[in-house]
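>>> show me the folded form of this:
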Amino acid sequence: AAAAPEGAAGQFALRAALWRATLLAGAARGALGRSVGYAGEREQFGRPIGRFQAIQQQLALAAAEVAAGGAAAESAARVVVRDGIAAPTAELAVASAKVRTGEAATAVARIAHQVHGAIGFTREHDLRLTTTRLWAWREEDGTDGQWAARIGELVLAAGPDGLWPLVTA
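All right, here's what the predicted structure looks like:
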């Protein structure tokens, strides 16, 4: 489990995780944009692959992941601005954003490569630049598992009477 942040080093770790979450949200949005564009251009059986229901469904799932990750990162940034980086509410928000954007990165990269097929992995296509960043960034500044464990620690420390105020503050 992640240690409770203390002092300047702990605050830096939280800021780094928040920055990483915002990078993940932006890169996921970029991968979705590339995938939507590619699905509109690539033709199969005489029509763009984006007109096939299976592709549309996958792109809709990716869009939902992008929206959820972006909302989590934006919410965490607002909490940090409002409460300060040292507040328990900020730590919970940042940890939640890092976990949620990491989950979104995994799903969006998978879907983007499914839509693009093998071309997305080639040197000639720039999708690989975005997805390799997604895969690397989700592990940097704390993994999903480490931040999820920290969320558990914060919830346990808040106790039954402190949980609701922590979550809704």
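
>>> any chance you could map the helices in the protein?
7-41, 53-83, 88-116, 127-137, 144-168 (DSSP state H).

>>> of those, flag the one that's most buried.
A comparison of the helices of the chain by mean neighbour count, using mean count of other C-beta atoms under 10 Å, puts helix 88-116 on top with a mean of 24. C-betas here are computed from N, CA, C, even on glycine.

>>> the inter-axis angle of that one versus helix 127-137?
Orientation of helix 88-116 against helix 127-137 (axes from the mean of the first three to the mean of the last three C-alpha atoms, to 10 degrees) gives an angle of 150 degrees.

>>> now find how far off-centre helix 88-116 is within its chain.
Centroid displacement of helix 88-116 relative to its chain, using C-alpha atoms, centre = their mean, to the nearest Å, is 2 Å.

>>> ok, now stretch 14-24?
9 Å.

>>> and the residue in the chain sticking out farthest from the centre, how close does it get to Phe52?
Seen from the C-alpha centroid of the chain, the residue lying at the greatest distance (C-alpha atoms, centre = their mean) is Gly46, 35.3 Å away. Noted for Gly46: a distance of 12 Å to Phe52, by C-beta to C-beta, to the nearest Å.

>>> check Ala28 too.
22 Å.

>>> residues in contact with the spatially most central residue of the chain?
The centroid of the chain falls nearest to Thr101 when counting by C-alpha atoms, centre = their mean (1.4 Å). Taking C-beta atoms under 8 Å, 6 or more residues apart in numbering, we find Thr101 in contact with 20-22, 24-25, 28, 69, 72-73, 138.

>>> with Leu61 instead?
Counting by C-beta under 8 Å, 6+ apart, Leu61 touches 107, 111.

>>> with Ala86 instead?
Gln11.

>>> now with 10 Å?
Contact partners of Ala86, counting by C-beta atoms under 10 Å, 6 or more residues apart in numbering, are 5-7, 10-11, 14, 80.

>>> next, give phi and psi for it.
Reported as degrees, to the nearest 10, the phi and psi values for Ala86 are phi -80, psi -10.

>>> against Gly10, how distant is it?
Relative to Gly10, and taking C-beta to C-beta, Ala86 is found at 8 Å.

>>> equivalent analysis for Ala25, please.
23 Å.

>>> now do Trp137
From Trp137 to Gly10 the distance is 21 Å (C-beta to C-beta).

>>> could you do Pro88 as well?
For Pro88, the distance to Gly10 - C-beta to C-beta - is 12 Å.
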